[in-house]
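*Asks:* When you get a sec, could you give me coordinates for this:
(one chain, ligands or ions: 1)
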Amino acid sequence: MNAVAWLEPLRSSVPELRTAAWHHLEHFDAALGELFRAAPSPGDVVAWSAWLREARRSLAARGHLVPAGPAGILWQFLAGARDLDLRDCVGPGHGAMVLTHAPAATAEVWDRRLKAGELIGIAATERHGGSRIREITTRAIRANDGLWRLSGEKCWVSRLAEAAAFVVFVRGPNEHISAVVVDADDPNLEREMIEPAGLGGWTWGVLRLHDVCVDPSLALLGRPGCGLEVFHQHFARFRPLVTATALGAAAGVHSLVTGTLADRHRSGRLQRIRDNASITIGRTHTEITASLLAVLAAARLAEAGHPDAGTFARLGKAAGVDTAVRAVHDLAPLIGAAGFQRGHRIAKAQTDLAGLLYADGIHDSLYRAGGVSLLANASGPRRRSPSAAAA
Ligand SMILES: Cc1cc2nc3c(=O)[nH]c(=O)nc-3n(C[C@H](O)[C@H](O)[C@H](O)COP(=O)(O)OP(=O)(O)OC[C@H]3O[C@@H](n4cnc5c(N)ncnc54)[C@H](O)[C@@H]3O)c2cc1C
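*Replies:* A predicted model of the protein is given here:
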């Protein structure tokens, strides 16, 4: 069963799969399939990474632009079903922060560039711990000419070489946290690459800012000091997308394992399929589907600006990625040692999914923040903002 067939039974209950959107999805999946046939082995990291970048540009040039809103979830699911490294093959990604919060002229420029296939990264995490964004130390100092000079170090940054710009979170002149967009070709940026264990299609590592100069009237996202609001609003939308990609990867493994067992049965290599295999196939199918529906609900809440959107996105990401990890772990043995070969799709899915246990929010912190919000809601009618709940 391919990933489009996985979505088909959901059409009557998911408005984002009604006819026009469904045709777009089918075309997108066909284009992905065509590109994928010419993909190099992910083992050849340089060629694989170049192919991923080209796939993003090529899909953009062919007009495969993710519709705004929750429908993006389904596009990410299809991308993940081919390979988790395709998580950035469509959509504005972290560039959504620029489109939403940058001054109009800056947003316009980036709208064009993102639609042409360029990419924007995020630089938030620092050595003291990405789960404590309130403690960031990267500084923005206001110079006499009104420009901001940024200095500090960000770590574990993905898309380090591929991004055309980064949204950098800094402690601004007023001591509050702000978000600014920094061009990736700024000569005062220094990069140190680190080899990741998974998600190897995108470069990863340390980004150092040495007195990087930006004009806040062009580069600041939102008002000065509103960085945490930008961060939380963005992740309420972005985490469901990441989760959908992870669930797509698990669905891809599910289809591979199910198809392999069915072939072995058909060819007589297996006289009968044991119950433990059938049970695992049934259970993981429904767990992946349930998590996908949950992140669709989270995406709809974010789209509507619902006060619980952040909580749903945090809990949905942690639970959904955990579901994907567990599903692949449980499905892998059903086809035996074949899936343990280096470069096998299942082995790759396992290491790639492990990266998502950290990226875009480490899970114990997400569950904890979700629990804190739920307790706050239970303790009285007062609604707390997502940023307050995350504190
Ligand atoms: C593949 C990948 C891609 C990534 N891409 C990016 C990117 O593009 N941009 C970016 O900015 N970051 C990126 N990251 C970093 C990611 O966001 C962080 O890994 C994540 O936020 C967790 O931060 P940390 O790794 O520093 O762990 P920490 O925040 O140090 O957390 C480690 C553990 O310590 C716990 N902890 C925290 N505080 C306490 C306390 N007071 N007492 C006890 N325990 C505590 C946490 O709950 C957690 O269990 C990426 C990471 C990965 C793996």
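*Asks:* C-alpha only now, for contacts and for neighbours.
*Replies:* Noted.
*Asks:* Backbone dihedrals for the residue of the stretch 201-350 of the chain found nearest the ligand, both of them.
*Replies:* Taking C-alpha to the nearest ligand atom, the ligand has its nearest neighbour within the stretch 201-350 of the chain at W204, 6.9 Å off. Main-chain torsions, W204, degrees, to the nearest 10: phi -150, psi 150.
*Asks:* The most centrally placed residue in the chain: what's it in contact with?
*Replies:* The centroid of the chain falls nearest to V242 when counting by C-alpha atoms, centre = their mean (3.1 Å). Residues in contact with V242 (C-alpha atoms under 8 Å, 6 or more residues apart in numbering) are Q76, R87, K317, D360.
*Asks:* okay, these in a markdown table with secondary structure, pLDDT and distance to E303 next?
*Replies:* Shown next, in a markdown table, are the contacts of V242 (DSSP: H, G, I helix; E, B strand; the rest coil; pLDDT from 0 to 100; distance: C-alpha to C-alpha, whole Å):
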| residue | secondary structure | pLDDT | distance to E303 |
| --- | --- | --- | --- |
| Q76 | helix | 97 | 17 |
| R87 | helix | 95 | 20 |
| K317 | helix | 98 | 16 |
| D360 | coil | 96 | 19 |
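*Asks:* How about residues contacting the helix or strand containing G205?
*Replies:* According to DSSP states H and E, G205 maps onto strand 204-214. For strand 204-214, the surrounding residues in contact (C-alpha under 8 Å, 6+ apart) are 123, 147-161, 182, 186, 188-196.
*Asks:* And it, how far out from the chain middle?
*Replies:* Computed by C-alpha atoms, centre = their mean, to the nearest Å, the chain-centroid distance of strand 204-214 equals 22 Å.
*Asks:* Quick check: what element follows it along the chain?
*Replies:* Next element after strand 204-214 (DSSP H and E): helix 216-219.
*Asks:* what does the helix or strand following that following helix contact?
*Replies:* Next helix or strand after helix 216-219 toward the C-terminus (DSSP H and E): strand 220-221. Contact with strand 220-221 is made by M97, V98, H101, A102, P103, S178, A179, V180, V181, G227, V230, as judged by C-alpha under 8 Å, 6+ apart.
*Asks:* repeat that for 7 Å
*Replies:* Here strand 220-221 makes contact (C-alpha atoms under 7 Å, 6 or more residues apart in numbering) with V98, H101, A102, A179, V180, V181.
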